[in-house]
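Trainee: Predicted model, plus sequence, below.
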Amino acid sequence: MAYDEGTWIMYGLDPSDPDCIQTAEELIDYVEKVGFLPLFRNEIPGFSAEEHAAADYWWTGDELRDPWEWRKVLARSDRVIYGKFFGGRAGFIRQGMVSGICQCAPGRV
């Protein structure tokens, strides 16, 4: 995500891209597969929910398509945890990985 001349720019995929995550359930599945995932673009190219979802669907308020709304769906799930991880940035961690991540990076998670 970037801010340019008063406009937020999202870095995501075209909805027709077969790799585009289309639903909260697909995002949960992806987080379970990779273990943890920042919500927004970061220093690691391609390693964020933002970059795997459709750029045009952000902040529409549609819980079925909006990745910003999905964070609430994921937070209510019993499969992943949503919070401020990764140096205070929002993201997701697969259930069962939290204690290991906290032990590896005490005070930084």
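Mentor: That came in fine, so what should we check first?

Trainee: can you pull out the helices in this protein?
Mentor: 24-34, 67-76, 98-104 (DSSP state H).

Trainee: closest one to Gly6 among those?
Mentor: With Cβ to Cβ as the criterion, Gly6 lies closest to helix 67-76 of the helices of the chain, at 19.1 Å. For every residue, glycine as well, the C-beta is placed using N, CA and C.

Trainee: can you map out the strands along the chain?
Mentor: For the chain, strands defined by DSSP state E occupy the ranges 2-4, 7-9, 36-38, 80-85, 89-94.

Trainee: between the ones you listed, which gets the lowest average pLDDT?
Mentor: Note on these: lowest mean pLDDT is at strand 2-4, with a mean of 76.

Trainee: picking up where we left off before, including distance to Thr60 and mean pLDDT, could the helices of the chain go into JSON lines?
Mentor: Putting those into JSON lines (distance: least, Cβ to Cβ, whole Å; pLDDT from 0 to 100) gives the following:
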{"stretch": "helix 24-34", "distance to Thr60": "14", "mean pLDDT": "97"}
{"stretch": "helix 67-76", "distance to Thr60": "8", "mean pLDDT": "94"}
{"stretch": "helix 98-104", "distance to Thr60": "30", "mean pLDDT": "56"}
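
Trainee: Let me have these in JSON lines, extended by mean neighbour count and distance to Ile44.
Mentor: As requested, those are exported to JSON lines (neighbours: other Cβ atoms under 10 Å; distance: least, Cβ to Cβ, whole Å):
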{"stretch": "helix 24-34", "mean neighbour count": "17", "distance to Ile44": "11"}
{"stretch": "helix 67-76", "mean neighbour count": "18", "distance to Ile44": "18"}
{"stretch": "helix 98-104", "mean neighbour count": "12", "distance to Ile44": "16"}
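
Trainee: could these go into JSON lines alongside distance to Leu13?
Mentor: Formatted as JSON lines, the helices of the chain follow (distance: least, Cβ to Cβ, whole Å):
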{"stretch": "helix 24-34", "distance to Leu13": "12"}
{"stretch": "helix 67-76", "distance to Leu13": "11"}
{"stretch": "helix 98-104", "distance to Leu13": "27"}
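
Trainee: Those helices: which one's closest to Glu50?
Mentor: helix 67-76 (7.0 Å).
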